[in-house]
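[1] quick one, structure for this:
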Amino acid sequence: MAGSPRYIRNLNENLILDALIANGTMSRADISRHTGLSKPTVSSAVEHLIERNLVLETGRADNAQGRKATLIRFNEAAYYVCGIDVGATRIRIALSDLNGEMIDYRSYPMQMDHSGESARMSILDVLQSHMDEMLDKNHLNWDQIQCIGFGIPGVVLPDSGDIHRIVAPLAGLEEALSLESLSGKFSCEVILENDVNLAALGEYTYGAAVESNLFVFISIGTGTGAGIMVNGQLLRGLGGLTGELAEMRLGDDRRLEDVLSADGLMQLANHQLDAYLLTENDSGATNLRKHLTPERLFEAARSGDVQAMRILKQYSGMIASALRHICVVLAPHLIVLGGGIGGNGDVLLPLLRQILSEQFPAKPDLTCSKLGERAVVIGAVQVALQQTMLNLKI
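    Numbers count the residues shown, from 1 in each chain. Next up, the predicted model:
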């Protein structure tokens, strides 16, 4: 109840925690001056925080006169949080302390049978096994993990935590990866979020979009999607569908994801190379066609291959078409490209910037992810950390 002794004590302890997190090591007198709380109130609250293992005494201050003050600091190792990125091709896991410092990071190939009850049990067992391995390597136990944030390449329904429209390679795992299923498997609190939303949060916190008031993170890879942040808050929209670029239609009425995804890029490249090789005897193009992958296509473009650059120039035009629609509606300050394909900024950005300068009514800054493949898992750590700090301050 507001105004009760317990409520007041919690407020005081929260003020002290915030001060220690923001300022580092402080004496009790420093805390009193910073928070405006009386010295007896600070001493009482600090003792309770020590009992909760949330703060530690670290020694004596180096003051010149009088009795040397005991220094207090926030105990970032009191608990830990994790972020897990369940991707189409890889599972990425990060372990963080309460200061958001990454303690460990691991990446595993995604190798799953996606059908039936066995798939449900299998993916959950795999995730738990990877978590157990990480905790063991870092000499931690499950009691020390407060929360896990999961990033899923699909629409996460805000009310139920169910998953819709999961990326095609993970079709069949919707029930297994639902909030209810994950919460039943792991003993700590679980948060489930769309992976591109988490990537946007990661870029806002540590990456290419720090301090950006309005930006869009666009992921292009196995699928396509966008995370939109305004004043540090994610936009979710009706049913959590904000940023579902996959359903955007281009001029020929094709779905954006069918055109821009890795499969779409390969279809475009195959078509262009086949047409070219009907009239030209080009060993380089023949070899590229025979061993075509997105990675090889970008490598060829970097090496100056004319046909590879021609394909990617046409592909960039289709990306630009989608970006133009977004800019007309939102006029963002910044667009950040990421994902397995979107992250090839050295090739794509010059092409896109030229189109942007010539054709866009609103001309945002355009850049690539600074966090790369870790963007989702770093965002997942952030939501887990935010929830944990809220819980610890209750």
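
[2] confidence score at residue 1?
    With respect to pLDDT, residue 1 scores 48.

[3] please disregard the earlier target; I meant residue 146.
    If you check residue 146, the pLDDT there is 96.

[4] just checking, next helix/strand downstream of the helix or strand harbouring residue 45?
    For residue 45, the host element (DSSP states H and E) is helix 39-51. Once the chain leaves helix 39-51, the next helix or strand it forms, by DSSP H and E, is strand 55-60.

[5] pull up the pairing partners for that following strand, direction included.
    strand 70-74 (antiparallel) (DSSP bridges).

[6] before we move on, back to that, buried ones in the helix holding residue 45?
    Across helix 39-51, burial judged by 16 or more other C-beta atoms under 10 Å covers 41-42, 45-46, 48-49. Every C-beta, even on glycine, is put in place using the N, C-alpha and C of the backbone.

[7] as a whole number, average confidence for stretch 187-197?
    Mean pLDDT, stretch 187-197: 95.

[8] what comes up buried for that stretch?
    For stretch 187-197, a neighbour-count test (16+ other C-beta under 10 Å) marks 188-197 as buried.

[9] ok, which pair from these is furthest apart?
    Greatest spatial distance in the buried residues of stretch 187-197: 188 and 196, 24.3 Å, computed using C-beta to C-beta.

[10] follow-up on the earlier one: the buried residues of helix 39-51 into JSON lines, with extra columns for distance to residue 98?
    Putting the buried residues of helix 39-51 into JSON lines (distance: C-beta to C-beta, whole Å) gives the following:
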{"residue": "41", "distance to residue 98": "24"}
{"residue": "42", "distance to residue 98": "21"}
{"residue": "45", "distance to residue 98": "18"}
{"residue": "46", "distance to residue 98": "17"}
{"residue": "48", "distance to residue 98": "17"}
{"residue": "49", "distance to residue 98": "13"}
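
[11] got a markdown table for the residues you listed, with pLDDT too?
    Below are the buried residues of helix 39-51 laid out as a markdown table (pLDDT from 0 to 100):
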| residue | pLDDT |
| --- | --- |
| 41 | 93 |
| 42 | 92 |
| 45 | 93 |
| 46 | 93 |
| 48 | 93 |
| 49 | 94 |
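
[12] and which of the residues you listed is nearest residue 386?
    Set against residue 386, the nearest of the buried residues of helix 39-51 by C-beta to C-beta is residue 49 (19.7 Å).

[13] poorly predicted segments of the stretch 1-150 of the chain, please.
    For the stretch 1-150 of the chain, the stretches with pLDDT under 70 are 1-3, 61-68, 112-121.

[14] which among the buried residues of stretch 187-197 gets closest to residue 11?
    Using C-beta to C-beta, residue 189 comes nearest to residue 11 of those, at 23.1 Å.

[15] hang on, residue 289 packs against residue 273?
    Yes - contact status for residue 289 versus residue 273: in contact at 4.3 Å, counting by C-beta atoms under 8 Å.

[16] okay, the two: which has more neighbours?
    More crowded of residue 289 and residue 273, by other C-beta atoms under 10 Å: residue 273, with 22 against 17.

[17] tell me the pLDDT of that one.
    94.

[18] I would like the residues contacting whichever helix or strand it is part of, please.
    Assigned by DSSP H and E, residue 273 belongs to helix 262-277. Here helix 262-277 makes contact (C-beta atoms under 8 Å, 6 or more residues apart in numbering) with 221-222, 257-259, 282, 285-286, 288-289, 292-294, 297, 307, 310-311, 314-315, 340-341.

[19] can we see that at 7 Å?
    Here helix 262-277 makes contact (C-beta atoms under 7 Å, 6 or more residues apart in numbering) with 221-222, 258, 285-286, 288-289, 292, 294, 297, 307, 310-311, 314-315, 340-341.

[20] please pick the buried ones from these.
    With neighbours counted using 16+ other C-beta under 10 Å, these contain these buried positions: 221-222, 285, 288-289, 292, 294, 297, 307, 311, 315, 340-341.

[21] which of the residues you listed scores worst on pLDDT?
    Lowest pLDDT among these: residue 222, with 87.

[22] how about that one, nearest residue that isn't a chain neighbour?
    If the residues on either side of it in the chain are set aside, residue 222 comes closest to residue 88, at 4.2 Å by C-beta to C-beta, 6 or more residues apart in numbering.

[23] so what's the one you found up against?
    Taking C-beta under 7 Å, 6+ apart as the test, what residue 88 contacts is 110, 153, 167, 169-170, 222.

[24] list the residues that contact residue 331.
    residue 362.

[25] quick check, pLDDT for it.
    Predicted confidence (pLDDT) for residue 331: 91.

[26] ok, the residue lying closest to residue 369 once chain neighbours are set aside - how many residues close by?
    Nearest non-adjacent residue to residue 369, counting by C-beta to C-beta, 6+ apart: residue 338, 3.6 Å away. Other residues near residue 338 come to 29 when the count uses other C-beta under 10 Å.

[27] returning to that earlier point: of the buried residues of helix 39-51, closest to residue 102?
    Using C-beta to C-beta, those come closest to residue 102 at residue 49, 24.9 Å.

[28] please pick the buried ones from the contacts of residue 88.
    The neighbour-count criterion (16+ other C-beta under 10 Å) marks 110, 153, 167, 169-170, 222 among those as buried.

[29] where along the stretch 51-200 of the chain do the helices fall?
    Here the stretch 51-200 of the chain has its helices, by DSSP state H, counting those that start in this stretch, at 116-137, 179-185, 195-206.

[30] winner for burial among those?
    Of all those, helix 195-206 carries the top mean neighbour count, a mean of 27, counting by mean count of other C-beta atoms under 10 Å.

[31] packing partners of it?
    Where contact means 3 or more C-beta pairs under 7 Å, 6 or more residues apart in numbering; DSSP states H and E, helix 195-206 is packed against strand 145-152, strand 214-220, strand 224-230, strand 233-234, helix 375-392.

[32] one more pass at 8 Å, please.
    Under the contact definition 3 or more C-beta pairs under 8 Å, 6 or more residues apart in numbering; DSSP states H and E, helix 195-206 sits against strand 80-86, strand 145-152, strand 214-220, strand 224-230, strand 233-234, strand 334-338, helix 375-392.
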